[in-house]
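*Asks:* following is a predicted model, sequence given first.
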Amino acid sequence: MNGPLETTASVSESPPTTPQPKYIFVTGGVVSSLGKGISAASLGRLLKARGLKVVNQKLDPYINVDPGTMNPFQHGEVFVTDDGGETDLDLGHYERFTGENLRRTSNVTAGSIYLSVIQKERRGDYLGDTVQVIPHVTNEIKDRIRRVGTPDVDVVITEVGGTVGDIESLPFLEAIRQFANEIGRANAMFVHVTLVPYLAASEELKTKPTQHSVAELRSKGIHPDVIIVRSDREVDESVRRKVSLFCDVEPRAVISAPDAPDIYQVPLQLHDGGLDEVVCDRLGLVTGPPNLDNWRAMVERAAAATEVVTIGIVGKYVELPDAYLSVFEALRHAAAGHGVKLDVRWITSEDVTGLLADSYLADLDGVVIPGGFGYRGVEGKVAAIRYCRENGIPMLGLCLGLQCAVIEFARSVLGLADANSTEFDPSTPHPVIDLMPSQEGVEDKGGTMRLGLYAAKLAEGSKVRALYGEELVYERHRHRFEVNNRYRKDLEAHGMRLSGLSPDDNLVEYVELVDHPFFVATQAHPEFRSRPDSPHPLFMGLVGAALQRRSTQDDEIVATDLEVEAP
């Protein structure tokens, strides 16, 4: 009796085994901007549609610790996660495609890796070892990859920024090579995105760039399991077989990804090419077919739209639309949600001054005033807001857009001609926008902001309360300056409703004008939480008001024409 009982006890006391997540590493070759991020996001969408829990991650080779202080003209927008991470814009693609809210651990930069390694060396964590790229830097990279592979995750999709052959990418490539060997090749695979250019002179697609890129990748010890070939046209079977032969991958694992008119078509395109089936077979993932019905319906609805709504984005960095990528995508989501096409007018805020505002804004259906930092272009934003307020043009202000709306209202309606933000005029006699009290005197420009997800209470009967459909809402923030509480009573007394406050009533989160078709501004960045299959309420409200304005104008034109034709 004792023997079996002892055996049973010893078995029951054994710790349960933790399921091993599968890891997919996405690399790129030949040229940058091929669409690795969209490919990784699309694969995430396909695997999630098969019922799997997916997390995406980006490894960026630049030396900045994070993109928070990088020039938007160089890097594009800074995407903010719920937990306050300032990350690469590709995380926005990941979230929009998969519907998963990521954390700061999903963005890893070379700068953050080296900073951590140096801090450990200074603390003595390495016990006096000579600190080297291998093993110390590569071990740190592997540790960051493991952090996102939590027990509840089935698949981690990690994109390696840059292209194979870039000197700064070498530690990351070596790290993922080591990582795949450590967890077992049955649990990891490599997807390589590369270019197959079309040469008009010879009227043929050329595979040699892809061959060289794969050869370079293999020289680093990484053998791709799947090759996604990008081109401006469909890559036929003969070309894919050639890639398969020379790059030593299965023919069915060479996936054609021609340019798509809409990035949200890419998951459907890759599914039709068999990508998710190949991945599941390679990793031993047993699932049913993906349920893409809602996604496909969303894409088809957007493609079938014929009516156009024109929205102006008045910003400082419009020469690089990626600086406002999430704003643009949120507008697209809302337009598709209303069944119309989006026509975006990119307007440099420095150009919108005085009488020029009419020439830039008069024919728009709606306007977005996005966020930003620094004085340049602010007066143009203020002028655009005034024009929208006085002429009934639907306007949505985001972060700095709210601050400019308060400045404009204080100047034009309260009569405080010198009203300003202390960010732009530290000596203004009327600082209607000022630093958060806890940030006064702080010099460090990194990490001093209100970052991440914060709650707001929406006022009963307000427009924002009606749009959200609930009293307590959560949005992501990225800013240092707030509405100065000393001016709150005057603002409300003159018609600006402070329609959303922080739960402790100390911070203004939303403002609106009651007697305006749509004049709403928020201190937050709601664009970060909009999804193509779930448009954000504020952007839906703006586009809806813009359509109403267009309809009203069309009716007025028809009425005028009838009057002219009448005898």
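*Replies:* Noted; the coordinates are in hand.
*Asks:* okay, CA-based contacts and neighbour counts for the rest of this
*Replies:* Will do.
*Asks:* phi, psi of residue 159?
*Replies:* phi -90, psi 130 (degrees, to the nearest 10).
*Asks:* that one: neighbouring residues, count only.
*Replies:* 26 (other CA atoms under 10 Å).
*Asks:* and for residue 238?
*Replies:* Residue 238: 10 surrounding residues under other CA under 10 Å.
*Asks:* before we move on, which element is it in?
*Replies:* helix 237-247 (DSSP states H and E).
*Asks:* got the CA positions of that helix in PDB?
*Replies:* Extracted C-alpha coordinates of helix 237-247, given in PDB (Å, rounded to 0.1, in the frame of the first residue of the first chain):
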ATOM      1  CA  GLU A 237       3.800  30.700 -59.800                       C
ATOM      2  CA  SER A 238       6.900  30.400 -62.100                       C
ATOM      3  CA  VAL A 239       8.600  33.300 -60.200                       C
ATOM      4  CA  ARG A 240       7.600  31.900 -56.900                       C
ATOM      5  CA  ARG A 241       9.000  28.500 -57.900                       C
ATOM      6  CA  LYS A 242      12.300  30.200 -58.900                       C
ATOM      7  CA  VAL A 243      12.500  31.900 -55.500                       C
ATOM      8  CA  SER A 244      11.700  28.500 -53.800                       C
ATOM      9  CA  LEU A 245      14.500  26.800 -55.800                       C
ATOM     10  CA  PHE A 246      17.200  29.300 -55.200                       C
ATOM     11  CA  CYS A 247      16.300  30.200 -51.600                       C
END
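*Asks:* may I have the strands that pair with the helix or strand just after it, each with its orientation?
*Replies:* Of the helices and strands lying after helix 237-247 in sequence (DSSP H and E), the nearest is strand 254-258. Strand pairing for strand 254-258, determined by DSSP bridges: strand 226-231 (parallel).
*Asks:* next one: the strand it pairs with to chain centre, how far?
*Replies:* Put simply, strand 226-231 sits 23 Å off its chain's centre (CA atoms, centre = their mean, to the nearest Å).
*Asks:* give me the mean pLDDT for that strand.
*Replies:* In this model, strand 226-231 has an average pLDDT of 97.
*Asks:* could you list the low-pLDDT ranges of the chain?
*Replies:* 1-18, 437-448, 554-567 (pLDDT under 70).
*Asks:* can we see that at 50?
*Replies:* The model of the chain has pLDDT under 50 over residues 1-15, 439-447.
*Asks:* wait, what's in contact with the residue positioned nearest the centre of it?
*Replies:* Among the residues of the chain, the one closest to the centroid is residue 92, at 2.0 Å (CA atoms, centre = their mean). Residue 92 makes contact with 79, 326, 528, according to CA atoms under 8 Å, 6 or more residues apart in numbering.
*Asks:* wait, isn't residue 21 in contact with residue 155?
*Replies:* Yes. If you go by CA atoms under 8 Å, residue 21 and residue 155 touch, sitting 5.4 Å apart.
*Asks:* any shared contact partners between the two?
*Replies:* With CA under 8 Å, 6+ apart as the test, residue 21 and residue 155 both reach residue 149.
*Asks:* before we move on, back to that, from residue 86, how far out is the residue nearest to the centre of the chain?
*Replies:* 11 Å (CA to CA, to the nearest Å).
*Asks:* and for the two, which residues touch both?
*Replies:* Common contact partners of residue 92 and residue 86 (CA under 8 Å, 6+ apart): residue 79.
*Asks:* of the contacts of residue 92, buried ones?
*Replies:* 79, 326, 528 (16 or more other CA atoms under 10 Å).
*Asks:* host element of the closest residue to residue 126 other than its chain neighbours?
*Replies:* Excluding the flanking residues, the one nearest residue 126 by CA to CA, 6 or more residues apart in numbering is residue 120, at 6.9 Å. Using DSSP H and E, residue 120 falls within helix 110-123.
*Asks:* would you turn the contacts of residue 92 into TSV with secondary structure and distance to residue 545?
*Replies:* Conversion of the contacts of residue 92 to TSV gives the following (DSSP: H, G, I helix; E, B strand; the rest coil; distance: CA to CA, whole Å):
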residue	secondary structure	distance to residue 545
79	strand	27
326	helix	20
528	helix	21
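*Asks:* just give me the closest of those to residue 384.
*Replies:* residue 326 (21.0 Å; CA to CA).
*Asks:* is it true that that closest one touches residue 528?
*Replies:* Yes. If you go by CA under 8 Å, residue 326 and residue 528 touch, sitting 6.0 Å apart.
*Asks:* residues in contact with residue 164?
*Replies:* 27-30, 213, 216-217.
*Asks:* SS state for it?
*Replies:* On the three-state scheme (DSSP: H, G, I helix; E, B strand; the rest coil), residue 164 is labelled coil.
*Asks:* so which residues make contact with stretch 190-204?
*Replies:* 24-31, 34-36, 205-210, 213-214, 222-232.
*Asks:* sorry, that was for stretch 340-348
*Replies:* Residues outside stretch 340-348 that contact it (CA under 8 Å, 6+ apart): 302, 305-319, 328, 331-332, 335, 360, 377.
*Asks:* other SSEs contacting the helix holding residue 120?
*Replies:* helix 138-148 (3 or more CA pairs under 8 Å, 6 or more residues apart in numbering; DSSP states H and E).
*Asks:* now the helix it packs on: buried residues?
*Replies:* 138-142, 144-145, 148.
*Asks:* so where do the helices sit in the stretch 1-150 of the chain?
*Replies:* 2-12, 36-49, 72-75, 90-98, 110-123, 138-148 (DSSP state H, counting those that start in this stretch).
*Asks:* how about those helices in TSV, adding distance to residue 365?
*Replies:* Below are those laid out as TSV (distance: least, CA to CA, whole Å):
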stretch	distance to residue 365
helix 2-12	68
helix 36-49	30
helix 72-75	27
helix 90-98	26
helix 110-123	43
helix 138-148	43
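*Asks:* among these, which comes closest to residue 388?
*Replies:* Shortest distance between residue 388 and those, using CA to CA, is found for helix 72-75: 26.2 Å.
*Asks:* now do the buried residues in the closest one.
*Replies:* Those would be 72, 75, for helix 72-75 by 16+ other CA under 10 Å.
*Asks:* the chain should start at 30 in everything you say after this.
*Replies:* Okay, residue one is now 30; in that scheme the one you just asked about reads as helix 101-104.
*Asks:* hey, C-alpha coordinates of it in PDB?
*Replies:* Provided in PDB are the C-alpha atoms of helix 101-104 (Å, rounded to 0.1, in the frame of the first residue of the first chain):
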ATOM      1  CA  PRO A 101       8.600  63.400 -36.100                       C
ATOM      2  CA  PHE A 102       9.900  64.400 -39.500                       C
ATOM      3  CA  GLN A 103      12.400  61.500 -39.200                       C
ATOM      4  CA  HIS A 104      10.600  58.900 -37.300                       C
END
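*Asks:* residues making contact with it?
*Replies:* Contacts for helix 101-104 (CA under 8 Å, 6+ apart): 96, 107, 346, 348-349, 352.
*Asks:* what pairs with the helix or strand encompassing residue 425, parallel or antiparallel?
*Replies:* In this structure, residue 425 sits in strand 424-427 according to DSSP H and E. Strand pairing for strand 424-427, using DSSP bridges, gives strand 395-398 (parallel), strand 548-551 (parallel).
*Asks:* dump those strands into a markdown table; add mean neighbour count as well.
*Replies:* Formatted as a markdown table, those follow (neighbours: other CA atoms under 10 Å):
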| stretch | mean neighbour count |
| --- | --- |
| strand 395-398 | 27 |
| strand 548-551 | 28 |
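*Asks:* nearest to residue 525, out of these?
*Replies:* So among the strands paired with strand 424-427, strand 548-551 is nearest, using CA to CA, at 9.8 Å.
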